[in-house]
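Engineer: Build me a structure from this.
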Amino acid sequence: MSERYVISIDQGTTSTRCIVFDHRGQLVSVDQREHAQHFPRPGWVEHDAMEIWRNVEKVVPRALSRAGIDASQIAAIGIANQRETTVVWDRRTGIPVAPAIVWQDTRTDALVEELSRTPGAGEVQRRCGLPLTTYFTGPKLRWLLDHTPGLRERAERGDVLFGTMESWLIWKLTGEHLTDVTNASRTMLMDLSTLDWHRDSLDFFGIPPAVLPEIRSSAGVFGTLRTVLPGVRLAAALGDQQAALFGQTCFTPGEAKCTYGTGSFLLLNTGHGPVRSQHGLLTTVGYRIEGQPAVYALEGSIAITGSLVQWFRDGLGIISTAPEIETLARTVEDNGGCYIVPAFSGLFAPHWRSEARGVIVGLTSYITKGHLARAVLEATGWQTREVVDAMNADSGLMLRTLKVDGGMTSDNLLMQFLADVLDVPVVRPMVAETVSLGAAYAAGLAVGYWPDLEGLRRNWHRAAQWLPDVDPQWRKTEYDNWQRAVERTFGWIQPR
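Structural biologist: Alright, predicted model coming up:
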């Protein structure tokens, strides 16, 4: 009998990948295509959902071809997706009614401000575990209903469907209108306790129930593919950061991971009960395996990390490739007193200040592009420190090790800086593509390709580790300076 594999579709903010994994959790082949980023107005970020779908149609068969296998050897497929990005499409034609509104988009600023003053806002936040900000899906969907002519009437008739990216792809692949608990937990429309849509929350946002997908477990059979790989079971869907938590095998309460990509996201497994944050973190669903209780997590979402390096490259032209930033940063010993706070779309955890905007402070004639490069990398470290401090306070646990993944983990200077400012070991696994791996693990688990969670743990192996190596007084002084820089970002955008 020929060997069997599991594949994952990782539909991310800037690209879509298909990766083939074997039974040891090793990467066999990959294919990837970028999609366009559209910025039609300041603060607006859009994607073309049809372009993303066409990319899925291309990358999946190419990944199989590169592996030298065919659909009959695929045990299951899983999807991981950029979260909160909002798509509405026509039920009959399958054509989106408007561009997808991306998670980074801040066009709902005024709406969020209005809703925050509406009676019942506090109850909605208590039910869903999320602060009322532009980040989440509910306000984006409401904005589309309010600003697309005739859309509300079509939504109330059930003529259009809403979903985040996994729902869109599940529908295109199987014809089923479904989501999973991790993505549903990011809409502000789901009750964390019941894991179902809450009528009062729908009324608060003005969302017709007819547009919503059915909520399913993260690991379980969603349907059988009718296109791309006909007959293959689609057996998992998770938001990308929850997929990374699963791929890092953080199955025990107290285990944490941080994924460093366009933004960065630190998740801590809190077990079978939601922990309500008092320090600016999100309470979210970590994952749910079919037939088992949900596992919850605390999350610290940082909007701008890898995209700050991209801005340094593309916006300023100081470097020509992203890896050059480490080389440039190593030309100096420190940041020269310069700090960059990248509040390009407000500040996420733990501050949640939608009106904040980015600043560079501490500039003197001494500062060179090397100091700026170091300040860019250090911004990721200090934003992580803020989240870890909040997580320790909320959970009552002290972080002992941070598992890391994502593209920025190839930067050794940044990884060492993380260990220094967090004062804990930072560990990178052998398989860096943990978002894709998590979706594959969940799909394989759902169909019996892997027997249990312990089998997945045995696949995890350490590739690199960084240990803290700085004077505690330096850590305290620099963190104080960072916090003063953050305060300078507050209140920049004034309500109209």
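
Engineer: Please list all residues in contact with T270.
Structural biologist: 253, 286, 296-298, 395 (C-beta atoms under 8 Å, 6 or more residues apart in numbering). In this view, the C-beta of every residue, glycine as well, is placed from N, C-alpha and C.

Engineer: Leaving out chain neighbours, which residue sits closest to it?
Structural biologist: Excluding the flanking residues, the one nearest T270 by C-beta to C-beta, 6 or more residues apart in numbering is Y296, at 5.1 Å.

Engineer: Next SSE downstream of whichever strand or helix holds the one you found?
Structural biologist: In the assignment (DSSP states H and E), Y296 maps to strand 295-302. Once the chain leaves strand 295-302, the next helix or strand it forms, by DSSP H and E, is helix 306-310.

Engineer: model confidence over that following helix, on average?
Structural biologist: What helix 306-310 shows for mean pLDDT is 92.

Engineer: and after that helix, which helix or strand comes next?
Structural biologist: Toward the C-terminus from helix 306-310 - assigned by DSSP H and E - lies helix 324-329.

Engineer: elements contacting the next helix or strand after that following helix?
Structural biologist: Proceeding N to C from helix 324-329, the next assigned helix or strand is strand 339-341, under DSSP H and E. In terms of contacts (3 or more C-beta pairs under 8 Å, 6 or more residues apart in numbering; DSSP states H and E), strand 339-341 is packed against strand 359-361, helix 369-395, helix 472-487.

Engineer: now do the same end-to-end measure for stretch 218-237.
Structural biologist: 5 Å (C-alpha to C-alpha, to the nearest Å).

Engineer: Tell me how far it lies from the chain's centre.
Structural biologist: For stretch 218-237, the separation from the chain centroid amounts to 22 Å (computed by C-alpha atoms, centre = their mean, to the nearest Å).

Engineer: quick revisit: isn't the residue nearest to T270 up against R288?
Structural biologist: No. Between Y296 and R288 there is no contact under C-beta atoms under 8 Å: 9.6 Å.

Engineer: Can you give me the buried ones in stretch 59-78?
Structural biologist: Residues of stretch 59-78 classed as buried by neighbour count (16 or more other C-beta atoms under 10 Å): 59-60, 62-64, 67, 69, 71, 73-78.

Engineer: Likewise for stretch 446-456?
Structural biologist: Buried, per 16+ other C-beta under 10 Å, within stretch 446-456: 446-447, 449-450, 456.

Engineer: do stretch 200-220 as well
Structural biologist: Residues of stretch 200-220 classed as buried: 201-202, 204-205, 207-208, 211-213, 215-220 (neighbour count, 16+ other C-beta under 10 Å).

Engineer: for those, which one is nearest K403?
Structural biologist: Of all the buried residues of stretch 200-220, K403 sits closest to S218, with 19.2 Å by C-beta to C-beta.

Engineer: That closest one against T284, yeah?
Structural biologist: No. S218 is beyond contact range of T284, at 12.0 Å (criterion: C-beta under 8 Å).

Engineer: Give me the common contacts of these two.
Structural biologist: Jointly contacting S218 and T284 under the rule C-beta under 8 Å, 6+ apart are 182, 242.

Engineer: Can you name the residues in contact with stretch 21-30?
Structural biologist: If you take C-beta under 8 Å, 6+ apart as the criterion, stretch 21-30 is touched by 3-8, 17-20, 63-64, 66-67, 431, 433, 436-437, 440-441, 444, 449-450, 456, 459-460.

Engineer: Report the buried members of these.
Structural biologist: 4-8, 17-20, 63-64, 67, 431, 433, 436-437, 440-441, 444, 449-450, 456, 459-460.

Engineer: Low-confidence stretches in the stretch 201-350 of the chain?
Structural biologist: Applying pLDDT under 70 to the stretch 201-350 of the chain flags no residue at all.

Engineer: Could I get the full set of helices for the stretch 1-150 of the chain?
Structural biologist: 49-67, 109-116, 121-128, 137-147 (DSSP state H, counting those that start in this stretch).
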